[in-house]
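Chemist: no FASTA, just this:
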């Protein structure tokens, strides 16, 4: 209220002055300094070289956090489970009912081959972002792992990995290609002799 | 009435004019005080700062133009400029800035390649004009991939020049992340047949495997004080966010969703981790206390399917990308959730510069990633120099 009153008084006073006009005295002229003609602030500035970036050396030390499964102890049996690749809907890790027979075939292969393990490789189509797809691919592999466990496979014989969108089987950029790439591949593993 | 009678005396007229101005000032301040208007920088809508450049050419000029453009300046003719750069570059650079009043300078730059000298000059310009450190001499890390999916991790100048490979794995690599204040990186590599997290000291070349559990080990993110690492592990049977100390001790599971969590990033005060997740099967961003606790979904209405968050160093903003058809757009929201996210330009994987206004990210041109740099306030953006290959997942040094 008081602010409004002050505002009104100020405005009224201002209007009164504006109506009476400004005084007719000439303004002071401020002298503008002349432009600089020479470099007055000369500062030699030697830049230190950045530290060199080295190529990585081969890994020799033990991992900081230990790993229970070492891929190099196992050899893939090429093509053994190629026919059992299962596919997924966009942005989903849900195993479709139509894919269940393939999981049964994988479980049967492990049941008849007692020394074998299986690596489930989860993959995505190219449309997601890279790290999101890496996690989604892993979730797809885990979904198949859970399904195999429910079919009676020992969980210690099942391993997962994700390639995100980095290993498409179909290089196309259309819906058909993408549907081929949203998949879990199964790789039958035998222990390397001497492992 | 008293004011009017005073005014009729000519001697008092200047005093009256002063009084008039004072009244205007009081009226104006009374208005502001009532409404409480504060000037704010608008994401994507801020006009660029006009600056002119004379006397420089070739690489010196192109470096200066690029550096200033992605920090929110625009080069204009001298008559329209607020600040004026002049100089010469015959082997070394001599550079001068005027228009900033007491911060005007004339300097000569020696002892380095012309690009480095020009970056140092652009940093001095930003310092003089804004009182802030420029980003001209900072570095980024990124992955560069060949056809077939294998690639290497690279480190380069922030504009993509002078790129050097820091791995020789010839394997799928991903997700480089800097250790704050140090020339050291965490990153993911399939060198050992599985996605594992490696740590590399770039000044010695020494590296070691950091996390190599069965399943997924990826998306390492180092805490602002450099004492902890957040990462995605699938040890629990799902990809979740885990945290441990940088020596690997104290490993604990932070998120427990039966979904796919990804892309952890730290708040600059170290108290929160923001990440991408699914809530009721919908893609969302969430944040969770770094010491453990309940996650909170972030309000990202208007930016569907958000992913790949990064928290600005000044704590104010979260950049992320949001799906639009088959592609993604870079978006910025206020970290406190106080306003809706602003959609900026097409791209993925934003990473903040130390100045909390410039982002490096990768655009996608016909499904091929290209590194690019964006000033979020002016929305000015330009492609960086790219290694031959497909460059993506950039991370700005911290």
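Modeler: That came in fine, so what should we check first? All of these numbers come straight from a predicted model, not from anything done at the bench.

Chemist: where exactly do the helices run in chain A?
Modeler: Assigned by DSSP state H, chain A shows helices spanning A:2-20, A:100-112, A:130-150, A:175-181.

Chemist: the third one vs helix A:100-112, what angle?
Modeler: Read that as helix A:130-150. 60 degrees (axes from the mean of the first three to the mean of the last three Cα atoms, to 10 degrees).

Chemist: list the buried residues of helix A:130-150.
Modeler: Across helix A:130-150, burial judged by 16 or more other Cβ atoms under 10 Å in any protein chain shown covers A:130-148. Just so you know, the C-beta spots here come from the backbone N, C-alpha and C atoms, and that holds for glycine as well.

Chemist: ditto for the last one
Modeler: Neighbour-count burial for helix A:175-181, counted by 16+ other Cβ under 10 Å, picks out A:178, A:180-181.

Chemist: give me the pLDDT value at residue B:187.
Modeler: Model confidence at residue B:187, given as pLDDT, is 97.

Chemist: quick check: phi and psi on it?
Modeler: phi -160, psi 170 (degrees, to the nearest 10).

Chemist: between the two ends of stretch B:293-304, what distance do you get?
Modeler: 26 Å (Cα to Cα, to the nearest Å).

Chemist: where along chain B do the helices fall?
Modeler: Going by DSSP H, chain B shows helices at B:2-7, B:13-35, B:58-69, B:114-130.

Chemist: let me see the contact set for residue B:140.
Modeler: Listed by Cβ atoms under 8 Å, 6 or more residues apart in numbering or on different chains, the contact partners of residue B:140 are B:155-158, B:160, B:351, B:360, B:371, B:394-397.

Chemist: correct me, but residue B:330 touches residue B:372?
Modeler: No - at 9.2 Å, residue B:330 does not count as touching residue B:372 under the criterion of Cβ atoms under 8 Å.

Chemist: now list whatever residues contact both of those two.
Modeler: By Cβ under 8 Å, 6+ apart, the residues touching both residue B:330 and residue B:372 are B:347, B:361.

Chemist: neighbour count for these two, which is higher?
Modeler: Between residue B:330 and residue B:372, residue B:330 has the larger neighbour count (other Cβ atoms under 10 Å in any protein chain shown), namely 28 against 24.

Chemist: for that one, give its distance to chain A.
Modeler: Distance from residue B:330 to chain A, counting by Cβ to the nearest Cβ, to the nearest Å: 11 Å.

Chemist: residue B:271 too?
Modeler: In terms of Cβ to the nearest Cβ, residue B:271 sits 23 Å off from chain A.

Chemist: find the nearest non-adjacent residue to that residue, please.
Modeler: Once flanking residues are discounted, residue B:271 sits nearest to residue B:290: 5.9 Å by Cβ to Cβ, 6 or more residues apart in numbering or on different chains.

Chemist: closest one of the contacts of residue B:140 to chain A?
Modeler: residue B:155 (5.4 Å; Cβ to the nearest Cβ).

Chemist: quick one: residues contacting the closest one.
Modeler: Counting by Cβ under 8 Å, 6+ apart, residue B:155 has contacts A:53, B:139-141, B:163-164, B:166, B:185, B:202.

Chemist: smallest gap between the stretch 201-350 of chain B and chain A, at which residue?
Modeler: residue B:205 (3.1 Å).

Chemist: beta partners for the most centrally placed residue in chain B?
Modeler: The C-alpha lying nearest the average C-alpha coordinate of chain B belongs to residue B:352 (Cα atoms, centre = their mean; 1.8 Å). Under DSSP bridges, the beta-bridge partners of residue B:352 are residue B:359.

Chemist: any idea how far residue B:376 is from it?
Modeler: 9 Å (Cβ to Cβ, to the nearest Å).

Chemist: thinking again about what came up before, touching, the residue nearest to the centre of chain B and residue B:309? I think so.
Modeler: No - look at residue B:352 against residue B:309 with Cβ under 8 Å: they stay out of range, at 10.6 Å.

Chemist: find the residues that touch each one of those two.
Modeler: What both residue B:352 and residue B:309 touch, as defined by Cβ under 8 Å, 6+ apart, is the set residue B:319.

Chemist: what sits against the nearest residue to residue B:379 once chain neighbours are set aside?
Modeler: Closest residue in space to residue B:379, ignoring its immediate chain neighbours: residue B:44 at 4.6 Å, by Cβ to Cβ, 6+ apart. By Cβ under 8 Å, 6+ apart, residue B:44 lies in contact with B:332, B:342, B:344, B:376-379.

Chemist: switch to 7 Å and redo it
Modeler: B:342, B:344, B:376, B:379 (Cβ atoms under 7 Å, 6 or more residues apart in numbering or on different chains).

Chemist: just list the residues touching the second one, thanks.
Modeler: Read it as residue B:344. Contacts of residue B:344 (Cβ under 7 Å, 6+ apart): B:44, B:329-332, B:374, B:376, B:379.

Chemist: looking at chain A, which helix or strand does the model trust least?
Modeler: strand A:44-46 (a mean of 52; mean pLDDT, DSSP states H and E).

Chemist: low-confidence ranges in the stretch 201-350 of chain B?
Modeler: Of all residues in the stretch 201-350 of chain B, none has pLDDT under 70.

Chemist: tell me which stretches of it form strands.
Modeler: B:207-211, B:217-222, B:228-233, B:240-245, B:252-253, B:262-266, B:272-279, B:282-289, B:296-297, B:306-311, B:317-324, B:327-334, B:342-346, B:348-352 (DSSP state E, counting those that start in this stretch).

Chemist: and the ones you listed: which comes nearest residue B:97?
Modeler: Residue B:97 lies closest, by Cβ to Cβ, to one member of these: strand B:348-352, at 26.2 Å.

Chemist: just give me the closest of the contacts of residue B:44 to residue A:89.
Modeler: Once Cβ to Cβ is applied, the member of those that ends up nearest residue A:89 is residue B:344, at 30.3 Å.

Chemist: which residue, other than its chain neighbours, is closest to the closest one?
Modeler: residue B:330 (4.8 Å).
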